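Student: Show me the folded form of this:
(one chain, ligands or ions: 2)
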Amino acid sequence: MKRILTGLQPSGELTLGSLIGSISQMVKYQDEYDSFIFVPDMHAITIKQDPKLLKERIRKNVALYLACGVDPSKNTIYIQSENLYHANLSWVLECNTYMGEASRMTQYKDKAKKQVNATVGLFTYPILMASDIILYDADYVPVGIDQKQHVELARDIAERFNKTYGDTFKIPSPMIPEVGAKIMDLQEPTKKMSKSADSYKGIILLLDDEKTIRKKIMGAVTDSEGKVYYDACNKPGISNLLTIYSSLKNIKINEAEEYFKDYNYGNLKKEVADVVVEKLLDIQTKYNELINGSELDKILDRGREVTNRIAKEKVEEVFSKVGLGRY
Ligand code: AMP
Ligand code: TRP
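Tutor: Ligands and ions are numbered 1, 2, ... in the order given. Prediction:
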């Protein structure tokens, strides 16, 4: 079975967009791949974080992924900082990466521009990401297009290491999901529903309560035509509601169009709200059990144990090949 590995940034709150666009893909992959999922909390601190919030978010996001259907018996789930080998390997990789290569990372350039004082960690972060990946001989790395360059850097570093020190790492490939449903902001339906937006008015958070969900959907921006059909260019608001409905119901857009063709906008919104509420309340019930129970820690403990075992072996092999210590 091929191995996939992916990291979930513990930044921001998870939204209906994250569920439909990303978490549902992971749920699909878990049956086809040996799947490693981790929280890259050490990446998060490349930019200042509130320590208390960061700690809470790590647990919260893991619990939400599980509540959304990520199955702990089919995935190895762990926290990056609970495995000291990631940073150890990263150091060796840094010493095998050129300044020129690291300086070409476009995400660094974008992020650094936004900081008054960009940190060295922000600069070297793609090398830590390479370490996260090649430490476990991952075959594929499911990431958004913005991360493709980082996975390519991981390939280059792994190839160079293998050439210099002998075959050690598997060469990973990025796995860019086919363009799935893109969920738009309910207030500005030409913009992606994003957890980092300035206002939550057009954004449904996975932990929003029923009243809030209904209010946001009933207040979604539409158009003045009054007819329900899909046309992302001219009717982005209505099209977005149809996308949400069809994604949650697991039906095609044209089936949703057909179903709603005689509805007015108010009734359409009400029925979309019903489906979203049903789905999210179910997720929230599971979330509440997880966040208050001991299961979550057991899952993370198991992930820590399994990944430390694999990583220890790999890092000792690397140290030995590079000539460090008495390995
Ligand atoms: P982000 O939360 O923006 O870092 O994105 C993480 C992953 O979730 C990416 O693979 C995105 O494609 C997916 N995602 C986030 N927001 C949406 C959205 N509104 N619609 C579809 N996919 C999304
Ligand atoms: N850099 C990724 C992001 O910003 C998160 C990440 C860190 C990651 N390490 C990883 C993703 C390894 C895939 C594999 O979303």
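
Student: near ligand 1, which residues of this protein?
Tutor: Within the chain, the positions near ligand 1 by Cβ under 6 Å from any ligand atom are 9, 17-18, 20-22, 144, 182-183, 192-195. In short, each C-beta sits where N, CA and C put it, glycine included.

Student: can we see that at 8 Å?
Tutor: Within the chain, the positions near ligand 1 by Cβ under 8 Å from any ligand atom are 8-9, 11-12, 14-18, 20-23, 25, 142-144, 177, 180-185, 192-196.

Student: If any of those residues are buried, give me the PyMOL selection for them.
Tutor: Restricted to buried positions by 16 or more other Cβ atoms under 10 Å, the PyMOL selection for those reads:
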select buried, resi 8+11+14+15+16+17+18+20+21+22+23+25+142+143+183+184+185+193+194+195
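
Student: what subset of the residues of the chain next to ligand 1 is also close to ligand 2?
Tutor: 8, 9, 142, 143, 144.

Student: Flag the shaky bits of this protein, pLDDT-wise.
Tutor: 178-180, 197 (pLDDT under 70).

Student: Residue ranges of each domain in it, please.
Tutor: 3-180+294-322, 210-288 (automatic domain parsing).

Student: gap between stretch 305-319 and the chain center?
Tutor: Put simply, stretch 305-319 sits 25 Å off its chain's centre (Cα atoms, centre = their mean, to the nearest Å).

Student: swap that for stretch 258-278, please
Tutor: 29 Å.

Student: Please identify the buried residues of it?
Tutor: Applying 16+ other Cβ under 10 Å to stretch 258-278 flags 259, 260, 265, 268, 269, 271, 272, 273, 275, 276, 277 as buried.

Student: Which parts of the chain are strands?
Tutor: Ranges of strands in the chain, per DSSP state E, are 3-7, 34-39, 75-79, 140-142, 173-175.

Student: Parallel or antiparallel, which strands does the longest one pair with?
Tutor: Okay, so that is strand 34-39. Strand 34-39 has the following strand partners under DSSP bridges: strand 3-7 (parallel), strand 75-79 (parallel).

Student: Can you report how many residues lie near residue 246?
Tutor: When neighbours are defined as other Cβ atoms under 10 Å, residue 246 has 21 of them.

Student: ok, now residue 64?
Tutor: 26.

Student: export the domains of the chain to TSV and tack on distance to residue 203?
Tutor: Output for these, formatted as TSV (distance: least, Cβ to Cβ, whole Å):
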stretch	distance to residue 203
domain 3-180+294-322	5
domain 210-288	8
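
Student: Surely residue 13 and residue 196 touch.
Tutor: No - under the criterion of Cβ atoms under 8 Å, residue 13 makes no contact with residue 196, lying 9.3 Å away.

Student: Quick check: closest non-adjacent residue to whichever residue of the chain sits closest to ligand 2.
Tutor: Residue nearest to ligand 2 within the chain: residue 7 (2.9 Å; Cβ to the nearest ligand atom). For residue 7, ignoring the flanking residues on the chain, the nearest one in space by Cβ to Cβ, 6 or more residues apart in numbering is residue 40 at 4.0 Å.

Student: so where do the helices sit in the stretch 1-150 of the chain?
Tutor: Assigned by DSSP state H, counting those that start in this stretch, the stretch 1-150 of the chain shows helices spanning 16-18, 24-29, 41-44, 51-67, 85-94, 99-103, 106-113, 120-134, 148-165.
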